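Engineer: how would this look folded up:
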Amino acid sequence: MKRALRIRHNAFEDAGSLSEVLSSRGYETMYLEAGMTPLDFDPTGPDLLVSLGGPISVNDGGDFPFIRDELAILSARMQADRPTLGICLGAQLMAKALGYQVYAGKAKEIGWSSLALSEEGMSSPLRFVGDAPVLHWHGETFDIPEGAIRLASTSVCQNQAFQRGKALGLQFHLEATASGLERWFIGHIGEIHATAGVTVPALRADTQKFASTLGDRATRVFHAWLDGVE
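Structural biologist: Numbers count the residues shown, from 1 in each chain. All right, here's what the predicted structure looks like:
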């Protein structure tokens, strides 16, 4: 059986719709809880490694020593060109592991909006997203690593997705589900209240409007990407 490890940095920011895709493809899946589960496995061992999102920064290594271990794992894995998926914080960790900077974006991006796909993005698995709004929830961004291809942008954040060999980094949350986001609204209420123009009722209304379509399209993206890297 194929094995997928998912590094979770926050209990409620899980793999969402990706979990069902992995199950349907015969993966045995396991969460590693960052900060609690030692990240001491063979980086190239799992058939798939997923680094999920979270509210901390890649640059918070002084507060969270596991970041150093996760960066080392991601670096070794990408150097070996093993299938690796990073979502939001996970994508930032991937960029940092390849030696590139992660820093504050020009504005926080919290809410639902569409992507502008690059020419390469339009021929990548992200083509299945099309013009469907996706969920954004980040205040930092990253430089595109050398040898990687930019796949998507928004007006707020130029580097929304990149591909480097069998590694895919997504700044946005393709995996988000309507039911799962109810936990986000509770867990991130401090950030929501501190961000001008962002409210729980508005986020909930947009989630009800867009999450179902995103779920269908995300499933196609994940399947297409896995078809290409397995």
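
Engineer: okay, now Ser51: neighbour count?
Structural biologist: Using other Cβ atoms under 10 Å, Ser51 has 29 other residues around it. In this view, the C-beta of every residue, glycine as well, is placed from N, C-alpha and C.

Engineer: Going by neighbour count, list what's buried in the longest helix along the chain.
Structural biologist: Of all the elements of type helix in the chain, the one with the most residues (DSSP state H) is helix 200-229. Across helix 200-229, burial judged by 16 or more other Cβ atoms under 10 Å covers 203, 206-207, 210-211, 214-215, 217-219, 221-222, 225-226, 229.

Engineer: and the gap between Ile186 and Thr199?
Structural biologist: Counting by Cβ to Cβ, to the nearest Å, the separation of Ile186 from Thr199 is 14 Å.

Engineer: which residue is nearest the middle of the protein?
Structural biologist: Ile87 (0.8 Å; Cα atoms, centre = their mean).

Engineer: Does it touch Glu175 like I think?
Structural biologist: Yes. Using Cβ atoms under 8 Å, Ile87 is in contact with Glu175, at 6.3 Å.

Engineer: Name every strand pairing with the longest strand seen in the chain and say which way it goes.
Structural biologist: In the chain, with assignment by DSSP state E, the single longest strand is strand 102-113. With DSSP bridges as the test, strand 102-113 is paired with strand 134-142 (antiparallel).

Engineer: and the partner strand with helix 200-229, angle?
Structural biologist: Orientation check (axes from the mean of the first three to the mean of the last three Cα atoms, to 10 degrees): strand 134-142 against helix 200-229 gives 80 degrees.

Engineer: Which positions in strand 134-142 come out as buried?
Structural biologist: Val134, Leu135, His136, Trp137, His138, Glu140, Thr141, Phe142.

Engineer: The first one pairs with what?
Structural biologist: Bridge pairing for Val134 (DSSP bridges) gives the partners Ser113.

Engineer: what sits against it?
Structural biologist: Trp112, Ser113, Ser114, Leu115, Phe172, His173, Leu174, Ala176, Leu214 (Cβ atoms under 8 Å, 6 or more residues apart in numbering).

Engineer: Show me the helices in this structure, by range?
Structural biologist: Counting by DSSP H, the chain has helices at residues 17-24, 66-79, 89-97, 119-122, 178-187, 189-194, 200-229.

Engineer: closest to Ala4 out of the ones you listed?
Structural biologist: With Cβ to Cβ as the measure, helix 17-24 is the member of the helices of the chain nearest Ala4 (5.3 Å).

Engineer: what packs against the closest one?
Structural biologist: strand 27-33, helix 200-229 (3 or more Cβ pairs under 8 Å, 6 or more residues apart in numbering; DSSP states H and E).

Engineer: hmm, 10 Å instead?
Structural biologist: Applying 3 or more Cβ pairs under 10 Å, 6 or more residues apart in numbering; DSSP states H and E, one finds that helix 17-24 makes contact with strand 2-8, strand 27-33, strand 48-51, helix 200-229.

Engineer: between that helix and helix 178-187, what angle do the directions make?
Structural biologist: 140 degrees.

Engineer: Output the helices and strands packed on helix 17-24 as a markdown table; include the columns distance to Leu71 and mean pLDDT.
Structural biologist: Compiled in a markdown table, the helices and strands packed on helix 17-24 are given as follows (distance: least, Cβ to Cβ, whole Å; pLDDT from 0 to 100):
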| stretch | distance to Leu71 | mean pLDDT |
| --- | --- | --- |
| strand 2-8 | 11 | 98 |
| strand 27-33 | 15 | 97 |
| strand 48-51 | 10 | 98 |
| helix 200-229 | 21 | 98 |
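
Engineer: Dump those to a markdown table, plus distance to Ser155.
Structural biologist: Shown next, in a markdown table, are those (distance: least, Cβ to Cβ, whole Å):
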| stretch | distance to Ser155 |
| --- | --- |
| strand 2-8 | 30 |
| strand 27-33 | 34 |
| strand 48-51 | 26 |
| helix 200-229 | 17 |
